[in-house]
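# 3D model of this:
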Amino acid sequence: MEKWETYMAKYFHGWNIVGASIFGFSASPGQFAFAALGIFTIPLGIEFGWSREEISLATMIFTITQAFATAVVGRMVDNYGAKEVLIPSIIIFGVLLAAIPLLVTELWHLYALFFLIGVLTAGSAAVPYLRIISAWFKKNRGLAFGITMAGGGIGYMYVPPMLQYLITHHGWRFGYYALAAIVLFAALPLVYKVVKNTPQEVGLTPDGRAAQEQGEEEQIENLISLTTLLKDKVFWILYATIGLLTFSLFGLMFHFVPMLIDRGAEDMTAALAFTFLGTTVTISRVGVGFLLDKIFAPRLAMICILLSTIGVIILSTGASGALTFVAAIFLGFSIGAELDLLAYLTTRYFGLGSFGMVYGILFSAFLFGVSTGPYAYGVAYETYGSYINMLMVCVGVLIMASLLMFLMPKYRE
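All right, here's what the predicted structure looks like:
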């Protein structure tokens, strides 16, 4: 009993914040709106006669609108607090998910709802969670980022088989009802009860350090104006790298299940391959987060991007069967690393004082890549009847992204 009490006295409450954030982030728009629509692509096409290119356009609308909204959300987080932005956004997101099966009968209905999701739910994505984790951790910030962002991979793990089962046995509408229920009745109560903006709200300090140390840290935080940020070479290197990376990999991820079905895989096998990808993303995010505290992050990013390039090369050969699972492992290294790398690099090069603004603007590059990638893959499929040409283009794009990371300077301490 004494050993347990001693352990609990040393246990840092910040890890409870991480735990709640993991599940909350697993039910965020990236997993439940963007990635999930890939699972709904074939049933929506069968019922309404829409092409993959037309359905993919919904993701572009969602991500472009969210890109602009995220920059605004970042400033709101800095000014009003992360949780104050997070909770209303989660509620709105759950309601809009439930509205899709109720209201969608025309293609423009789908576009309108994904536009609203993009505009109104950016506050339930990565920015508030990462700002909160930044406030709770200093020494183990990379690891905490990685574990929290692993929630995205967990979402990719459980969403595809769950949705595929519901679609097969009950129809696509029940799939959206299930997603809405998870957001409103699981993620929302957990985040509301457990998550706090700062450790000071519950009488603690980051990493459990003394208050004197915390005071010293606050004095050295950087405050950056938008004008200064837009003149910064490091900012534009990060912006370009994230845009190229997400264009290639998230475009592929959206079309991953339909591509495998085209190559002869059964529906559930394709969904399980996607789950395999999600598993790699989860492991990668935790592993990369751990390594961020020990290895120069831009070099680590180069390695992750090049490993993902191998996965794209495998798929560009027309691979099917067991090789697609091998490709999924390699793809997960970059998909699993991008958000925690971006958050970590934001804190190391630009500080915490303007984290919401800087990360929010950089995250818009992530969303621009995510928005254009799926549509480009859809156009390539409709034009050539396969994804191979697009995959070959993305091999070159990923190599360019890895070279950009080579240009990053030393940290600004």
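# contact partners for residue 305?
245, 334, 398, 401, 402, 405 (C-beta atoms under 8 Å, 6 or more residues apart in numbering). Where C-beta positions appear, they are placed from N, C-alpha and C, glycine not excepted.
# most neighbours among those, which one?
Neighbour tally across those (other C-beta atoms under 10 Å): the maximum, 32 neighbours, falls on residue 245.
# what about the helix or strand harbouring that one, distance to the chain center?
Assessed by DSSP states H and E, residue 245 sits inside helix 233-254. Distance of helix 233-254 from its chain centroid, counting by C-alpha atoms, centre = their mean, to the nearest Å, is 12 Å.
# what does the following helix or strand past that helix rub up against?
As assigned by DSSP H and E, the chain's next helix or strand after helix 233-254 is helix 256-262. Helix 256-262 is contacted from outside by 38-39, 41-42, 52, 160, 267, 269-271, 273-274, 277, 315, 320, 324, 328, 386-387, using C-beta under 8 Å, 6+ apart.
# from the residues you listed, which land in helices?
Counted as lying in helices by DSSP state H, out of the contacts of helix 256-262, are 38-39, 41-42, 52, 160, 267, 269-271, 273-274, 277, 315, 324, 328.
# which stretches of this structure have low pLDDT?
1-11, 208-223, 336-337, 413 (pLDDT under 70).
# give me the contact list for the helix or strand containing residue 23.
Residue 23 belongs to helix 14-26 when elements are defined using DSSP H and E. Contact with helix 14-26 is made by 86, 90, 124, 126, 129, 132-133, 136-137, 144, 147-152, 154-155, 158, 186-187, 190-191, 193-196, 199, 204, 206-208, as judged by C-beta under 8 Å, 6+ apart.
# need the contact list for residue 124.
24, 28, 29, 86, 89, 90, 92, 93 are the contacts of residue 124 under C-beta under 8 Å, 6+ apart.
# mind running it again at 10 Å?
24-25, 27-30, 32, 73, 85-94, 117, 183, 187-188, 191 (C-beta atoms under 10 Å, 6 or more residues apart in numbering).
# taking these one by one, which sit in strands?
Among the contacts of residue 124, no residue falls in strands (DSSP state E).
# can you say which of the contacts of helix 256-262 are buried?
With burial judged by 16 or more other C-beta atoms under 10 Å, the buried subset of those is 38-39, 41-42, 52, 160, 269-271, 273-274, 277, 315, 324, 328, 387.
# among those residues, which pair sits farthest apart?
For the buried ones among the contacts of helix 256-262, the farthest-apart pair by C-beta to C-beta is 52 and 328; their separation is 20.4 Å.
# of the buried ones among the contacts of helix 256-262, closest to residue 170?
Once C-beta to C-beta is applied, the member of these that ends up nearest residue 170 is residue 39, at 13.8 Å.
# ignoring the adjacent residues along the chain, who's closest to that closest one?
residue 163 (4.6 Å; C-beta to C-beta, 6 or more residues apart in numbering).
# surely that neighbour touches residue 172?
Yes: using C-beta atoms under 10 Å, residue 163 is in contact with residue 172, at 8.3 Å.
# overlap of the contact sets of the two?
Shared contacts of residue 163 and residue 172, defined by C-beta under 10 Å, 6+ apart, are found at 39, 40, 43.
# what residues are up against the second one?
Put plainly, it is residue 40. 55, 58, 100, 110, 163, 167, 172, 173, 175, 176.
# mind putting those in CSV, neighbour count and secondary structure included?
Below are the contacts of residue 40 laid out as CSV (neighbours: other C-beta atoms under 10 Å; DSSP: H, G, I helix; E, B strand; the rest coil):
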residue, neighbour count, secondary structure
55, 25, helix
58, 27, helix
100, 23, helix
110, 23, helix
163, 25, helix
167, 20, helix
172, 20, helix
173, 17, helix
175, 25, helix
176, 23, helix
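# quick check, nearest of those residues to residue 238?
Using C-beta to C-beta, these come closest to residue 238 at residue 58, 27.7 Å.
# what about the closest one, distance to residue 117?
Residue 58 is 10 Å from residue 117, where distance means C-beta to C-beta, to the nearest Å.
# spell out which residues are contacts of both of these two.
Both residue 58 and residue 117 are contacted by 33, 34, under the criterion C-beta under 10 Å, 6+ apart.
# please enumerate the helices of the stretch 1-150 of the chain.
2-10, 14-26, 29, 36-48, 52-80, 82-103, 107-120, 126-136, 141-170 (DSSP state H, counting those that start in this stretch).
# any idea which of those helices gets closest to residue 362?
Using C-beta to C-beta, the helices of the stretch 1-150 of the chain put helix 52-80 closest to residue 362, at 9.1 Å.
# list the buried residues in the closest one.
52-67, 69-71, 73-74, 76-78.
# same for it, what does it pack against?
helix 29, helix 36-48, helix 82-103, helix 107-120, helix 126-136, helix 233-254, helix 355-384 (3 or more C-beta pairs under 10 Å, 6 or more residues apart in numbering; DSSP states H and E).
# 7 Å instead?
Using 3 or more C-beta pairs under 7 Å, 6 or more residues apart in numbering; DSSP states H and E, the elements in contact with helix 52-80 are helix 36-48, helix 82-103, helix 107-120, helix 126-136, helix 355-384.
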